[in-house]
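**Student:** Let me see the structure of the following:
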Amino acid sequence: MIAGDLAQAALAHWPVLAREMGLDPASWRAAPLARREDARVARILLRLQGPGGARLVLKHEARPADPEKFAAAMAAHLAVQEGYAQGVPELLTFDVERRTCVMGYLDARPLSGLLEGAPLSAQAALLRRAGGWLGGFHRALPGETRVFQPKHTVGFLRSVMEEVSSGARIVAEPQRFLRCAEALCADQVLYEGRETITAQTHGDLHLRNLVLDEAGCWGLDFAGGRVVPVGHDIARLLADYAILHAPKDAIPDREVLPPEVQGAFFEGYGLVGAQDPSVELLLRNRVLAEWWGLPAGAEDRSPAQARRWAGVQALAGRVFPGL
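**Tutor:** Presented below is the predicted three-dimensional model:
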């Protein structure tokens, strides 16, 4: 499906949604805002401009063709909107069967784009703001204080290692992967018996799902995450940054982040610190998860995946030095 088809599909649903909101659909004009199209996802966002300069966003998801998943995403967004309205664009209406929704417009840019090519000091400032958003989100839908259980993460990692060893799972540089994974498993005792905090998590918190303007920060595309240790969201976001944007020579051995970025993020976040056991373990495990999630063959990687692979390998050299 080409971009034009996606746009036409989105606009075909606009009249029904507009009338639900009491709007005249013919009074609004559409322009492209964002688009993603790959083997798994086909999604488009259009900016709608109407009378008096009012602006809205029309979002349509052609793939996956899964109304239940779309309904869950809408329910997750509404739950956040109820508890943390300042942290999300307003969801105004949606149609589950058509997998289309209308939201308030934000004149903001994805965190991923803002980080691209930015000096380390600017990256730290951006991650401080991202930490502030995530801290507010986790406080709005809180869980509880809990003793962290590293056995769950380590147990799943062990199962991946068994698949790699047997050939059931193919990864690039399998022997190096196994050495790095074994080193993390050997550290399990370091995370035992320590407290963490749980919260309702985003479920898919990467750099493109936070957008910022000069003053505000908002979250997008909530996946309806579970109530689990806060390190799950933190690890997903910060590993994405470390792989794609962090200057690797600024990261000390056995660490995942440059110290000034780590300090800035947790200063903004405020709910736990960098030494929280769920953060320490899950952040390092995320490096391995990114490794096993990429195609093993260089010829099978898209340009974006090739960039991510290079970042994973450079980062693994810092997190697991000498392996």
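**Student:** All the helices of the chain, in order from the start?
**Tutor:** 3-20, 67-83, 111-115, 120-140, 150-166, 174-186, 231-244, 259-269, 277-293, 303-319 (DSSP state H).
**Student:** buried sites along the third one?
**Tutor:** Right, helix 111-115. Of the residues in helix 111-115, 111-112, 114-115 count as buried by neighbour count, 16 or more other Cβ atoms under 10 Å. The way it works is simple: take the backbone N, C-alpha and C, and place the C-beta from them, glycine included.
**Student:** just to revisit the earlier point, just the helices of the chain: most buried one?
**Tutor:** helix 231-244 (a mean of 25; mean count of other Cβ atoms under 10 Å).
**Student:** what's the angle from that helix to helix 120-140?
**Tutor:** Relative orientation of helix 231-244 versus helix 120-140 (axes from the mean of the first three to the mean of the last three Cα atoms, to 10 degrees): 160 degrees.
**Student:** Show me what helix 231-244 packs onto, helices and strands only.
**Tutor:** Other elements packing on helix 231-244 under the criterion 3 or more Cβ pairs under 8 Å, 6 or more residues apart in numbering; DSSP states H and E are helix 111-115, helix 120-140, helix 259-269, helix 277-293, helix 303-319.
**Student:** next one: the second one to chain centre, how far?
**Tutor:** Relative to the chain's own centre, helix 120-140 is displaced by 13 Å; criterion: Cα atoms, centre = their mean, to the nearest Å.
**Student:** Can you dump the C-alpha atoms of that helix in PDB for me?
**Tutor:** C-alpha atoms of helix 120-140 as PDB (Å, rounded to 0.1, in the frame of the first residue of the first chain):
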ATOM      1  CA  LEU A 120      26.000  15.700  24.400                       C
ATOM      2  CA  SER A 121      24.900  18.600  26.600                       C
ATOM      3  CA  ALA A 122      21.800  19.100  24.400                       C
ATOM      4  CA  GLN A 123      21.100  15.400  24.500                       C
ATOM      5  CA  ALA A 124      21.300  15.500  28.300                       C
ATOM      6  CA  ALA A 125      18.800  18.400  28.500                       C
ATOM      7  CA  LEU A 126      16.400  16.600  26.200                       C
ATOM      8  CA  LEU A 127      16.600  13.400  28.300                       C
ATOM      9  CA  ARG A 128      16.000  15.400  31.400                       C
ATOM     10  CA  ARG A 129      12.700  16.500  30.000                       C
ATOM     11  CA  ALA A 130      11.900  13.000  28.800                       C
ATOM     12  CA  GLY A 131      12.600  11.800  32.300                       C
ATOM     13  CA  GLY A 132      10.200  14.400  33.700                       C
ATOM     14  CA  TRP A 133       7.400  13.200  31.400                       C
ATOM     15  CA  LEU A 134       8.000   9.600  32.300                       C
ATOM     16  CA  GLY A 135       8.100  10.300  36.100                       C
ATOM     17  CA  GLY A 136       4.800  12.100  35.800                       C
ATOM     18  CA  PHE A 137       3.300   9.200  33.800                       C
ATOM     19  CA  HIS A 138       4.400   6.600  36.300                       C
ATOM     20  CA  ARG A 139       3.200   8.700  39.300                       C
ATOM     21  CA  ALA A 140      -0.200   9.200  37.600                       C
END
